[in-house]
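Chemist: Prediction below, plus the sequence it came from.
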Amino acid sequence: MQGKTVDVGTGGALSSLGAASRRHSWHRRAMQQLGMPLLLLALCSGHPAHAASTALPVAAEQDVTQAPKKSDESRLWMTVGERRFAITLADNEATRAFAATLPLTLDMEDLHGNEKKKELPDALPTSESRPGTIRNGDLMLWGSRTVVIFYKTFDSAYSYTRLGRVDDPTGLAQALGRGDVRVVFSQEQRALTK
């Protein structure tokens with residue numbers, strides 16, 4: 001019965017009351033349908049997570065103009081011929097053990113046309129996982145002794161310990177070339193040989 005008007009001959013009084021009732025009914029339905037989304041929006045607008053997400057465009061603008069500086073401890077350098085690549089290190093025991101061996105020169109051999117590898121003289125700690133997708137620029141440890149730098153992106157079922165990732169792998173495949181290659185890892189911007 002809600003929203004229906006019955007005119008019993010009283011003229012326009014009931015008719016206008018019926019129109020008001022219909023408008024009220026429509027407003028109530030609209031509020032019921034919009035009420036929950038509006039309530040959620042109101043609740044989320046004061047939530048710290050929402051505040052952080054609204055601040056992202058400002059932070060993104062700041063990142064473009066002034067990139068955050070990485071500490072020397074979280075970065076190393078890989079030099080291939082005349083090309084130098086910055087690598088951001090993973091935070092794990094294997095990476096710390098690898099960094100302790102630097103500077104390090106490795107004559108790396110090509111494998112499968114997508115990676116360069118070299119077995120180290122000493123084992124490193126491991127924390128293996130299956131990344132699923134290997135990305136161009138990934139620096140990994142296979143097993144406990146084989147350092148691998150990937151220069152193509154592909155899917156893999158193998159397990160690795162992540163050592164780090166080349167910040168900008170543009171030109172990495174060309175620098176590493178098709179065959180074996182000498183690679184120098186160092187913590188200083190200028191590569192040193194060991």
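Modeler: Structure's in. What do you need?
Chemist: how far away is residue 92 from residue 154?
Modeler: 23 Å (Cβ to Cβ, to the nearest Å). Every C-beta, even on glycine, is put in place using the N, C-alpha and C of the backbone.
Chemist: Looking at those two, which has the bigger crowd around it?
Modeler: Each of residue 92 and residue 154 has its neighbours counted (other Cβ atoms under 10 Å); residue 92 has more, 18 against 12.
Chemist: In contact with the more buried one, which residues?
Modeler: By Cβ atoms under 8 Å, 6 or more residues apart in numbering, residue 92 lies in contact with 125, 127, 161, 162.
Chemist: how about a cut-off of 10 Å?
Modeler: Counting by Cβ atoms under 10 Å, 6 or more residues apart in numbering, residue 92 makes contact with 98, 124, 125, 126, 127, 141, 161, 162, 163, 164.
Chemist: What subset of these is buried?
Modeler: Burial by neighbour count, 16 or more other Cβ atoms under 10 Å: within the contacts of residue 92 this picks out 98, 124, 126, 141, 161, 162, 163, 164.
Chemist: Next, give me the two most distant ones among those.
Modeler: 126 and 164 (14.9 Å; Cβ to Cβ).
Chemist: re the thing from before, what's the closest of the buried ones among the contacts of residue 92 to residue 109?
Modeler: residue 141 (16.0 Å).
Chemist: Return the list of helices and strands in contact with the strand or helix carrying the closest one.
Modeler: Assigned by DSSP states H and E, residue 141 belongs to strand 138-142. The helices and strands touching strand 138-142, judged by 3 or more Cβ pairs under 10 Å, 6 or more residues apart in numbering; DSSP states H and E, are strand 83-89, helix 93-99, strand 115-119, strand 146-150, strand 161-166.
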